[in-house]
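Q: I would like to see how this sequence folds:
(chains A and B)
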Amino acid sequence: MHDCPKFAYCKGGLPVAAANKGSIIQYRIAKKQSTFIIINDVLNSMIQFEKFTLANGLRVIVHQDMSTPMAVMNIMYDVGARDENPEQTGFAHLFEHLMFGGSVNIPDYDEPLQMAGGENNAYTTNDLTNYYIQLPAENLETAFWLESDRMLSLAFGDKSLETQRKVVCEEFKEHYLTKPYGDVWHRMRELAYTKHPYRWMTIGKELSHIENAKLEDVQHFFFKHYRPVNAVLVVAGNVTVEKVKGLTEKWFGDIPSGEKYIRNLPQEPVQTAERRKEIKSSVPLDALYKCWHMGSRLEHKYYITDLLTDILSGGGSSRLYQSLVKEQQLFSSIECHHFGSTDNGLVVVEGKLVKGVKMEEAEKAVEKELDRMKNELVSDLELQKVKNKTESMLAFEDMSVMSRAASLAYYEILGDAAWMNTELEKYAAVTTEEILKECRNIFRADNSNTIRYLSEN
Amino acid sequence: MPDRKLAPQIVDAVNFELKLKPADRFTLRNGVEVYAVNAGAEEVLSLEWVFFAGNWHEEQDLVAPTTNFLLRNGTSAKTAFQINEHFEYYGSYLNRACYNETATITLHCLTKHVRELLPVIKELITDSVMPQNELDIYKQNMKQRLKVSLKKSDFIASRLIDVYLYGENHPYGKYSRAEDFDALNREQLQQFYQKYYQQGKLILFVAGKLPADLEPLLNQYFGDLPNTPIDTGTLFTSPATGKKFRIINDEAGVQGSIRIGRPFPNRHHPDFMKTMVLNTVFGGFFGSRLMSNIREDKGYTYGIHSYIQNHMHDCSWVISTEAGKDVCEATIEEVYKEMKILREEIVEEEELLLVRNYMMGGLLGDLDGPFQIIGRWKNIVLNNLTEQYFYDSINTIKSITAEELQALAQKYLNPDEFYELVVV
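A: Model prediction:
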């Protein structure tokens, strides 16, 4: 039911429909949440939009689609778990929950929206925080009223903080403490990152950070990050630019600009020696997790890396699955993906071993497949296949207005909303030689972090 | 400066006139019915082949889902790898799924590629060979996956509540065990395949930007399948005798998975649609009574919701949540308190209007796009309903009264009639 993506956390608790929408939107953002959905032909249909900026610095993007009766409002704030104080982790996400606890002029956020026939949700990642509403286009102004008031100021009630602390603690337990292997990404981040704040997960390093959150910290966080100058507003669907301009001025125009948040995060030093860790736990099967550092979201290398992980895993004809699950039967499942993070990320290989298979043997077999990637060019057909897959994957997700709105906001936060329309070209430009070179660059022992997660049984 | 205390005027969604876009219907030479919705701006297609091959029809556990799973794992001409590579090369998505009454193959692709893909789908339906080696790998990996799942309290709880509601021999209540995987053999699968796929009954649902020659195209590949009628028959449930269950699955667990459920009639019963509205008030959305009280006020859980299981035959009404171990009993108490309030107090007009608007707004969003529309049609066709069902549901949302809701609560929301389970 709680089908939120692995690297994001949402307000949650909604029945399937709304929760799923969260995970669709995530594809471009947290990539590889391959809950697959639907298609359209991006090549033929560029996403049209208009962009303007209010005097207070709020960037506004309007994307019109008159074929739907609905309107979507998406607000992305340029703040995520990486912007947290190491002693107060999990704060960006806890804060996301508090955004639903009532704002300065409106005691209840959800009720008026539901009355207007709307739905909403939100999610937080290590890089950003996103809020979205879908409602009948006739009632668009309700969304403006609600979102602008909570950007103006929250109600900051003790009761809301107390309740949401508990809710988030239950969320923490539900996803990380009660699930077998549930702690592995906490451990892996701590192993792979020594300085960069990616070393903790969005949900936070430990329960106590959330339990100890104070109201004054909450207020400070709000006025530092939730200002017009640090946000992107997208309005999409059955709307006109003229109407959106008027409503934006009316509702967001008088919110104080705030100070631009200048991100100055400790950078992760280049890893120079292999790191390994062993965990023994009462899980039923041995599992292997390996990570290597990769480049940032803004480099051309990102597209190369994205495609090479698709060649390794992601379909019934991918390399790791075919070789290690089907032919050699060393793993019962194996996947390769990457974090898709804005700053330098990680490429991941994770798999569960077939009972009785030795860990050394399994790991050696993985290395052998990676060696092939480092020593032989992948075939043109293989590269074309993953490019085709990417094309339809992007097209599928662009079918929904809600997802287009989130993507526009995401690219604008990254640098420019127009990048949404050049994404496919960037994938198309990748060559087999680049893949070979990038595999040699990434899959080095001294760039690797390995966790052997062993069953005690 | 806008008056921020004053909510903007809204149009009540309850006043919208919603229309279900009609589906084109035609039959292939062999009588296979096709429902098609030609809509959407993009050059894309979704095709779904529905067979009456769900676990309702299997004589031994897991034969139906295993047969369905292995459909694409080899034909006499192609290996599993070749089949996967073919569909992936065209950037298409081939999926299959096994349900209780039906089992499906679905294909999502760019319309321009459909001609390359249909012949291979035909191959899967007529010439799947389910190689022994593929079956062995499947058994081994599914047993391993099951082992991991059995560590999770929510997995155990969801299985057990269905056992209590339907009985473990009923298709809705039975669950997979390691020994069921061990007992599978190729001959059973092939027999099942022959009867329910090769010769079985098929209905097709197509949506998106349809090719002009859709009908001849489908006739070419699927017009000569035998399409033999399948009798779904009647199976009786055997609910548990006890009502309250507490299970410890993990001594060190920090949360309990709570399931509270009661039998409920299916879509053909006059109470069904009305109860959809009551369910929304009770636990069907973020602003529901259960969510407002147990998450937003008490903070016992990350989420709690209630739903009516949408089976074709017997249904049930279930409340589901994961709550802190030490607040599980308090959570259950609050659930019953909310039932009591619905039985004893009338739902205020303001709240009812909110729920009507929320449901109508949701419907409006749900009807947005060809794949959503065909989904509605599929629901109507497979449940032997008519188009009128859609309009009756809307009328119910618009016109149900608070008194009717209270009467339904008094009829169905009685704690004594619910099975109650906590798995830690």
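Q: need the residues of the stretch 201-350 of chain B near chain A, please.
A: By the criterion of CB under 8 Å from any CB of the partner chain, the positions of the stretch 201-350 of chain B lying close to chain A are B:208, B:250, B:253-255, B:284-287, B:291, B:295-305, B:307, B:320, B:322-324. The way it works is simple: take the backbone N, C-alpha and C, and place the C-beta from them, glycine included.
Q: Of the residues you listed, which count as buried by neighbour count?
A: Among those, those classed as buried by neighbour count (16 or more other CB atoms under 10 Å in any protein chain shown) are B:208, B:250, B:253-255, B:284-287, B:291, B:295-296, B:298-305, B:307, B:320, B:322-324.
Q: Now do the same for the closest residue to chain A within the stretch 51-200 of chain B: its pLDDT.
A: Sorted by distance to chain A under CB to the nearest CB, the residues of the stretch 51-200 of chain B start with B:Asn84, at 3.0 Å. Looking at B:Asn84, its pLDDT is 97.
Q: How many residues are close by it?
A: If you count neighbours by other CB atoms under 10 Å in any protein chain shown, B:Asn84 ends up with 21.
Q: The one 3 residues further on too?
A: The number of residues packed near B:Phe87 is 24, by other CB under 10 Å.
Q: my guess is it contacts B:Ile121, does it?
A: No - with contact taken as CB atoms under 8 Å, B:Phe87 and B:Ile121 are classed as non-touching, separated by 9.2 Å.
Q: would B:Ile258 count as being in a strand?
A: Yes - counting by DSSP: H, G, I helix; E, B strand; the rest coil, B:Ile258 is located in a strand.
Q: how close does it get to A:Pro180?
A: For B:Ile258, the distance to A:Pro180 equals 20 Å [CB to CB, to the nearest Å].
Q: Next, name the residue at the spatial heart of chain B.
A: With distances taken as CA atoms, centre = their mean, chain B has B:Asn310 as the residue nearest its mean C-alpha position (6.3 Å).
Q: what about that residue, which helix or strand?
A: Of the helices and strands defined by DSSP states H and E, none includes B:Asn310.
Q: In the stretch 301-450 of chain A, what residue lies closest to chain B?
A: Of all residues in the stretch 301-450 of chain A, A:Gly316 sits closest to chain B, at 3.0 Å by CB to the nearest CB.
Q: and the nearest residue to that residue once chain neighbours are set aside, what does it touch?
A: Of all residues not flanking A:Gly316 in the chain, B:Asn84 sits nearest, at 3.0 Å (CB to CB, 6 or more residues apart in numbering or on different chains). Contacts for B:Asn84 were tallied using CB atoms under 8 Å, 6 or more residues apart in numbering or on different chains; they are A:Gly315, A:Gly316, A:Ser317, B:Arg72, B:Leu94.
Q: was I right about the last one contacting B:Thr104?
A: No - with contact taken as CB under 8 Å, B:Leu94 and B:Thr104 are classed as non-touching, separated by 11.3 Å.
Q: the more surrounded of those two?
A: Just comparing B:Leu94 and B:Thr104: by other CB under 10 Å the higher neighbour count belongs to B:Leu94, 23 against 19.
Q: what about A:Tyr453, which SS state?
A: Reducing the assignment to helix, strand or coil with three-state DSSP, the entry for A:Tyr453 is strand.
Q: Over to B:Glu101?
A: Local secondary structure at B:Glu101 is given as coil here, using three-state DSSP.
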